[in-house]
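> Here is a sequence with its predicted model. Questions after.
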Amino acid sequence: MQLSRFVKPVLALSALALMMGAARAEDAAPAAAAAVALVPNKGDTAWLLISTALVLMMSIPGLALFYGGLVRTKNMLSVLSQVFMIVSLVAVIWVLYGYSLAFGGSADGAYISFIGDFSKAFLKGVDANAVAATFSNGVVVPELAYMAFQMTFACITPALIVGAFAERMKFSAVVIFMILWVTFIYFPIAHSVWYWAGPDAVGDAAKALAAATTDEAKKTAQAALDAVNGNAGYLYKLGALDFAGGTVVHINAGIAGLVGALFLGKRIGFGKEALSPHSLTMTMIGASLLWVGWFGFNAGSNLEANGTTALAFVNTFVATAAAALSWLFLEWAVKGKPSLLGMVSGAVAGLVAVTPASGFAGPMGSVVLGLLVSPICFFFVSTVKSKFGYDDALDVFGVHCVGGIFGAIMTGVLVAPYLGGVGLVDYAAKPGTAAVADYVMATQVWIQIKAVAYTLAWSGIGSAILYKLVDLIVGLRAAPDAEREGLDITDHGERAYNY
Amino acid sequence: MQLSRFVKPVLALSALALMMGAARAEDAAPAAAAAVALVPNKGDTAWLLISTALVLMMSIPGLALFYGGLVRTKNMLSVLSQVFMIVSLVAVIWVLYGYSLAFGGSADGAYISFIGDFSKAFLKGVDANAVAATFSNGVVVPELAYMAFQMTFACITPALIVGAFAERMKFSAVVIFMILWVTFIYFPIAHSVWYWAGPDAVGDAAKALAAATTDEAKKTAQAALDAVNGNAGYLYKLGALDFAGGTVVHINAGIAGLVGALFLGKRIGFGKEALSPHSLTMTMIGASLLWVGWFGFNAGSNLEANGTTALAFVNTFVATAAAALSWLFLEWAVKGKPSLLGMVSGAVAGLVAVTPASGFAGPMGSVVLGLLVSPICFFFVSTVKSKFGYDDALDVFGVHCVGGIFGAIMTGVLVAPYLGGVGLVDYAAKPGTAAVADYVMATQVWIQIKAVAYTLAWSGIGSAILYKLVDLIVGLRAAPDAEREGLDITDHGERAYNY
Amino acid sequence: MQLSRFVKPVLALSALALMMGAARAEDAAPAAAAAVALVPNKGDTAWLLISTALVLMMSIPGLALFYGGLVRTKNMLSVLSQVFMIVSLVAVIWVLYGYSLAFGGSADGAYISFIGDFSKAFLKGVDANAVAATFSNGVVVPELAYMAFQMTFACITPALIVGAFAERMKFSAVVIFMILWVTFIYFPIAHSVWYWAGPDAVGDAAKALAAATTDEAKKTAQAALDAVNGNAGYLYKLGALDFAGGTVVHINAGIAGLVGALFLGKRIGFGKEALSPHSLTMTMIGASLLWVGWFGFNAGSNLEANGTTALAFVNTFVATAAAALSWLFLEWAVKGKPSLLGMVSGAVAGLVAVTPASGFAGPMGSVVLGLLVSPICFFFVSTVKSKFGYDDALDVFGVHCVGGIFGAIMTGVLVAPYLGGVGLVDYAAKPGTAAVADYVMATQVWIQIKAVAYTLAWSGIGSAILYKLVDLIVGLRAAPDAEREGLDITDHGERAYNY
Amino acid sequence: MKIVMAVIKPFKLDEVRDALTAIGVHGLTVTEVKGYGRQKGHTEIYRGAEYAVSFLPKLKIEVAVDSSLVAKAIEAIIGAARTGQIGDGKIFVTPLEQAVRIRTGEQDSEAL
Amino acid sequence: MKIVMAVIKPFKLDEVRDALTAIGVHGLTVTEVKGYGRQKGHTEIYRGAEYAVSFLPKLKIEVAVDSSLVAKAIEAIIGAARTGQIGDGKIFVTPLEQAVRIRTGEQDSEAL
Amino acid sequence: MKIVMAVIKPFKLDEVRDALTAIGVHGLTVTEVKGYGRQKGHTEIYRGAEYAVSFLPKLKIEVAVDSSLVAKAIEAIIGAARTGQIGDGKIFVTPLEQAVRIRTGEQDSEAL
Ligand SMILES: Nc1ncnc2c1ncn2[C@@H]1O[C@H](COP(=O)(O)OP(=O)(O)O)[C@@H](O)[C@H]1O
Ligand SMILES: Nc1ncnc2c1ncn2[C@@H]1O[C@H](COP(=O)(O)OP(=O)(O)O)[C@@H](O)[C@H]1O
Ligand SMILES: Nc1ncnc2c1ncn2[C@@H]1O[C@H](COP(=O)(O)OP(=O)(O)O)[C@@H](O)[C@H]1O
């Protein structure tokens, strides 16, 4: 049993009650009522909402500027527009059906391991009184806050991809691709990793099992517990740890970016002309806002405001700092100059790597994680990329996918209590509390690898199909003349700067 | 009875007690003491304070950049300076007498419906222990936090106006105009809309009435309840709904902007030369920070951190996203290109429109609101403006006033429970709770229209008088040569960029 | 006895227990257990974490942009890099040994008044369950959150210094200098000002003394209370008031900056060529983010989210606004033009001045403080600097040190209850509560002056030694050709802008 | 053929362009420059430090024309760019020996 | 000696530079300019207001060469800068009477 | 009349201006340019990708002077702009056939 996130509406509990066979609607009612009686703590609500705002700030203006600064002046607005459009588009899709596909679902769907259903489409049942579970027994948050928090994750993930095919993909193609991508790639992966029945559902079922006296009752209760445990996403059931989205966000977007870069081909002039960043100032602002906002992303993923939140916060802080230094000094040693771009790239690599680990590792583990991730990413963005010659324009693969994979696997290591990690938890062992579960490093690492592979396969193959499709519909790539003139003028009819 | 905001110091309660005639000071004391005993929830305090910081961030740097990016390089600093100066100026005025004129007041003032008094001037009585009411019975927040939150609204509203007369008004004229404008326009309007006695005062008076047994006692109690209900602003008493400032902030500033644009006349070259934005990058940063900060503005306006806060947050998110898309696709269809400026203008229009509705509408209603507001604003900034030929430089009227009016009226529609809205509340029906009040759409829409008209009239006429006055004192408009050289050099002696 | 900050882990209490002589381990246990039982309020935790994020935002991008905009284009990245590097470097150092040197320590160290020990190195014992004291009896926060909050202070303080020697110091020299500076200057000063045993430790010891009946017991208890009181930093014991870091942050960094400017000498062209700011737009963004983030800095320093937090928030708001106006109008009067740079410089001066006073003064006192600080700083950056001819490039001394000194001294004045201040507190007088302590203005001002002098001496002399040392190791100053070409190209191999 | 080079005030560009096309000029090249001359600059003040800025923003227009058009071109520029105030700028005429259109290789008058 | 001045499309700079160095030119000076000519510009739309932008970004290259090199230089530039589309630009040749290297005071051919 | 055009290092502008006004030049026009020449550039590295930057920032100064002043002007420029290091720049002198002051219509020497 491991920590992850979940939504527990009244409906889910009732459905569960129905599934129990023996339970009649009347019996279920008090349980549901009891669940409803849980009132969110206002400190948690405040923290979750401000975290949500922080994650939005990561996308706009954070990511938009981080990326925008790295392209040439003539494509600045195209990057800013793509990110802003994606955020807006996905936010609307999310409340229409995305949230439901990711977090809606009842256990009787055969596909429940892979995708949700339409039970929460148009936010059905998600009003100001609905609550969602956290990772602590008996602690809930307003479901609208949980929904909004998750929305920002759905918004930023596709926006990450645009860095890979920056400066050459048509705006219309980006719009269509992103609608498809979130629907067929993001929502399913988010569901696989984060959908589960919540600590109270597990605890209650375990309690019922413990209380069962007759053999018959035990069998029924065991079936009920199995149903609760089965009512979760595939990777969740596998036991994969992903505190804030290493697989869901970074590997997912990173591999989609690589596939896109391959499909679209290189920019005109790539490898011949200097395609220098037009404003490292903007890139630095973007990186800084990413760092600041990432506290919402990682520490917000704890849903509550408690000691674990502070731990995730600290891990996010120090892994990033260590990775920034690591890249800085490595580049200084290898290339002779410590560059700002290197340092901020390291910071982002650190943020990526610590994302899945943030609530599981200890601060010293996070420092080590940060120190190690930068050299790996550095190797990919400089050596590997130039060796294979793909034009992953802003290094979405090299930083997000590679850093994400490293972080995901290392999470299996750093969660180890003897390395300062928090260990695994079991919500069924001592119902009503988060008990300590057995941890074997090799086992956990192997689970993490499987989760990585699953994500790479789903997103890699799925994205390839979608790129192909969009290419057939509107064509992916801007005309050479348009690319040369810059997408700002040709796609958007504007110029970024008129000094 | 409807939701709005309010401050309930001990003083107010005592004053009320005195008004009751029968009540002796000794009787009032326990009631006051009881009120004092309410301790703010720390989650609410945290949320209100961070919301306050977010709203400041909306003005500086948010709004300043949004506007600044749209002017020509030579006037960049003038816009930044005006916004920064206004924020500083109004903050000081606010603690000196502004807060008191807006939220101070005792029911015996004949003018109580239209403006507060000087009872809280220099923050008299507003110390670290004073508390202010919220919209929930028995829930209070530190009055200093409430005061600071309201301060940021007073700071940003006049700053919105400068967009209308950008690039041509003298800095000295802006300073004087703004001192007058907040004093004679903003404080009264804020008072009219948001000043009331608070849920506990209403509940207590209603409870007393219910408890009264003799006819005499009933009459006294009824008078007391009437007094409490009468101790509120004009538009509040009218029953106008304005969750976070559609009338107070956007219509108010928007109409003042239009009047200013008319008084000042067109910029040299308007309609002839290309007056292109000097940095859409800055405009995009500004728009993004406005969006992020607006969560503080709208969801912060709930004062507490609860489910309604999350609702206001979500509404703010999705109305904005929908409006951004709406403008984007409309412009794409009509003008042939989807522009970034169009998209962010749509986002701002969505933010404006959802402001009064944010705590009242449901998420789906907000999506619809967002989709509809953009075409309307688009029509005003492109067709209407060019038809009438006024030079509302940065479309303060077209976006803020028009979007604000649409939002204010639609609030009367979207609050409908059968449209997913939260309905109206009555604090007197079941004293101590927020009971459901009757809702008739036509009635409510008519009230909303009256509130819009009141605001347009007060601010439109009042602003015209103030512009005239300032023109007589120092002259409004920069000399043609100064305008041509740019206000940065001529007004401020600096240049924005020295690359 | 006065307010300040402190960390009270279980260890400290036990250590204390041991020191008491009479106390056996078994006796100490329940006390420790009782302390452990205090659970952080989630509203406090949320507030402290978001404050921490805000303070990080002050450094990056806030301060980096504020400074970066003021240098010439060719040195933009060098400033951004130095700030970003310092933040990353100090964050890592902080969790390795910095936090321990500042806030670790047991009373038996003879040096306890001046520096902590290595008891918390590598965050030993600081896990998700550890708690730290606040200024209220019986209120704790997660120690990791406290540690992270303090980390951001350690990150920004050295970053402030770079403004003094901007555009001419070698990057390698900055790296080495900063490692030494935080170790030998910052950690000791932070310890001296903010390290103490916390309200509960003082209260408990005082309670024990009150409960003692025999003379022997009284003597023991008195010794124990003395030990608790002695277990604090030097300036803390002196009775110096510094709510959020006037001495620790601003005077400390400011004097180090001045010494650096003197050691490095003037920039080539200083006083001859126009060394105009390359982007006042960036400076304005930076100043705005400083203001917004400073709410975390000052109001976050209360550690809790209560009325005092709101007070610190309001003071921060209005002192800044008043100082911005004060500089604006002064410059308008004296130099003929109201400049944006002047206004934002005033805002920063106001923020600096109100830092030590923010939790102690009343709002009206803060307005006055703001109005007064600007003329003083203005005098230093224009007249004094040009008179003495030192090249404090971005006025770190003139604004931070001078403003900090003024603020520190005025804190002794404005804390006066009869001036609207909150007065002094005594945690021992009525154990378990924060009782009112005697206040004599002259006494307090004299204490403040001594604290200022101590800081100036320690940091001034210490910094001089460190500059000399670094000069011997790698040389402080860039070669003239490198300086002329700009540090961006020569130190970092990049250019900020490629338009 | 001649090159007529004019230094003008920036906001006069559109008028000058129109005046030139009116007399049959089909192309021109514009450069942002800083001019120093009789027109006095302004003072900039940064935190109390005053800098006299004597270089002012101007636009330099270069037009290659047939010699026969020079007088008309000068007239057109003066007509459009004059405000009557110091700093209106100058016109310089220099010889042009050869002109080639890159796209076609056309020479001289044909190339303009 | 002559000054060969060419107005070209910005993305052709590296190729032109290479072509010129190949024929023995050791230095050149480049200016960012805006060109007006037959090549049509584009329309920019800001909140519904459309602006026709007729000035396009170009680069102006100035090379001082010995008279003997002029023909070759023109050829080199045409070879490198031609795309065959309107707006490829022009080459103008003007007389150069004297050239001095500031560092050494060398004159004319030596100075180039 | 001649046009004296000098390409110099950017930080030498003020000195050159002063040297020229000292000999009676009343106006000049400055353009930011990029120079390619013997002076080697630098390398920029962005995420491991190295770019050799061979165009360096320079300033181009154009001064229209009476022919009699040319020698003095060259001398003044050299005196002020020389650092002795590669990349100090060049001075080019080209003929100027006509000069007009836009404000007054004054011609030639009067116009300068
Ligand atoms: N001798 C010169 N050589 C080159 N450019 C000149 C010369 N004199 C003036 N200029 C240019 O002409 C512009 C206007 O000149 P100025 O003396 O200010 O006013 P006016 O043209 O009215 O006499 C200057 O800013 C400068 O760019
Ligand atoms: N008469 C001219 N004088 C100076 N520059 C010119 C002239 N005609 C054209 N140019 C420059 O040459 C560029 C290309 O000219 P254009 O007419 O657009 O295409 P083409 O060179 O293919 O004929 C223009 O943008 C302008 O910079
Ligand atoms: N043949 C040329 N034509 C035009 N400009 C040139 C030429 N040669 C050099 N320049 C300009 O002069 C500058 C300095 O030349 P360079 O060869 O680097 O040094 P030096 O002037 O010391 O010989 C170059 O950057 C370029 O702008």
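Here it is on my side, so go on. Numbers count the residues shown, from 1 in each chain, chains lettered A, B, ... in the order given. Ligands and ions are numbered 1, 2, ... in the order given.
> what about D:Glu50, how many neighbours?
12 (other Cβ atoms under 10 Å in any protein chain shown). Yep, even glycine has a C-beta here, placed from its N, CA and C like the rest.
> Equivalent analysis for A:Gly398, please.
29.
> ok, so what distance separates it from A:Ile376?
Computed with Cβ to Cβ, to the nearest Å, the distance linking A:Gly398 and A:Ile376 is 9 Å.
> what does A:Ala256 give?
According to Cβ to Cβ, A:Ala256 stands 20 Å off from A:Ile376.
> Mind checking which of the two has more residues around it?
Neighbours per residue, other Cβ under 10 Å: of A:Ala256 and A:Ile376, the larger number sits with A:Ala256, 31 against 16.
> Residues contacting whichever strand or helix holds the more buried one, please?
Using DSSP states H and E, A:Ala256 sits in helix A:252-264. Helix A:252-264 is contacted from outside by A:157-158, A:160-161, A:163-165, A:168-169, A:181, A:185-186, A:189, A:390-393, A:396-397, A:399-402, A:404, A:455-456, A:459-460, A:463-464, A:467-468, A:471, A:476-477, using Cβ atoms under 8 Å, 6 or more residues apart in numbering or on different chains.
> Could you do stretch A:49-59 as well?
So stretch A:49-59 is in contact with A:83, A:86-87, A:145, A:148-149, A:151-153, A:155-156, A:159, A:289-290, A:292-297, A:299-300, B:47, B:50, B:54, B:288-289, B:291-292, B:295-296, B:299, B:305, B:309-310, B:313, B:317, C:46, C:50, C:53, going by Cβ under 8 Å, 6+ apart.
> same thing but 6 Å
Applying Cβ atoms under 6 Å, 6 or more residues apart in numbering or on different chains, the external contacts of stretch A:49-59 come out as A:87, A:145, A:148-149, A:152, A:155-156, A:159, A:289-290, A:293, A:296-297, A:300, B:50, B:292, B:295, B:313, C:50.
> where are the low-confidence patches of the stretch 51-200 of chain A?
Judged by pLDDT under 70, the stretch 51-200 of chain A has its weakly predicted residues at A:107-108.
> ok, now with 50
Counting by pLDDT under 50, the stretch 51-200 of chain A shows no low-confidence range.
> Looking at it, what residue ends up closest to chain C?
Using Cβ to the nearest Cβ, the closest approach of the stretch 51-200 of chain A to chain C is made by A:Thr73 at 5.3 Å.
> Could you pull up the contacting residues of that residue?
Counting by Cβ under 6 Å, 6+ apart, A:Thr73 has contacts A:278, C:499.
> mind redoing it with 10 Å?
Listed by Cβ atoms under 10 Å, 6 or more residues apart in numbering or on different chains, the contact set of A:Thr73 reads A:277-279, A:486, A:488, A:495-497, B:281, C:497-499.
> among those, which are in helices?
In helices, judged by DSSP state H, the following of the contacts of A:Thr73 are found: B:Thr281.
> Widest-spaced pair of the contacts of A:Thr73?
Using Cβ to Cβ, the two most remote members of the contacts of A:Thr73 are A:Pro277 and A:Arg495, lying 17.9 Å apart.
> where exactly do the strands run in the chain?
In the absence of a named chain, this looks at chain A. A:131-133, A:140-142, A:424-426, A:435-437 (DSSP state E).
> My question was about chain D, not that one.
D:2-8, D:28-36, D:42-46, D:49-53, D:56-65, D:90-95, D:98-101.
> In chain A, where's the longest helix?
Taking DSSP H as the criterion, chain A has its longest helix at helix A:441-473.
> quick one: that helix to helix A:252-264, angle?
Interaxial angle, helix A:441-473 versus helix A:252-264 (axes from the mean of the first three to the mean of the last three Cα atoms, to 10 degrees): 40 degrees.
> Name the residues of helix A:441-473 that are buried.
By 16 or more other Cβ atoms under 10 Å in any protein chain shown, the buried positions in helix A:441-473 come out as A:444-445, A:447-448, A:451-452, A:454-456, A:458-460, A:462-464, A:466-467, A:470.
> Quickly list what the residue in chain D that ligand 3 sits nearest to is bridged to.
At 15.1 Å from ligand 3, D:Thr31 is the closest residue in chain D, using Cβ to the nearest ligand atom. In this entry, D:Thr31 is beta-bridged to D:Lys60, by DSSP bridges.
> which residues touch it?
Counting by Cβ under 10 Å, 6+ apart, D:Thr31 touches D:5, D:7, D:58-62, E:31-34, E:60, F:29, F:31-33, F:60.
> Just give me how far the longest helix anywhere in chain D sits from the chain centre.
When chain D is scanned for its longest helix (criterion: DSSP H), the result is helix D:70-81. Distance of helix D:70-81 from the chain centroid (Cα atoms, centre = their mean, to the nearest Å) equals 10 Å.
> do that helix and chain F meet?
Yes: contact of helix D:70-81 with chain F (Cβ under 10 Å from any Cβ of the partner chain) involves D:70-71, D:74-75, D:77-81.
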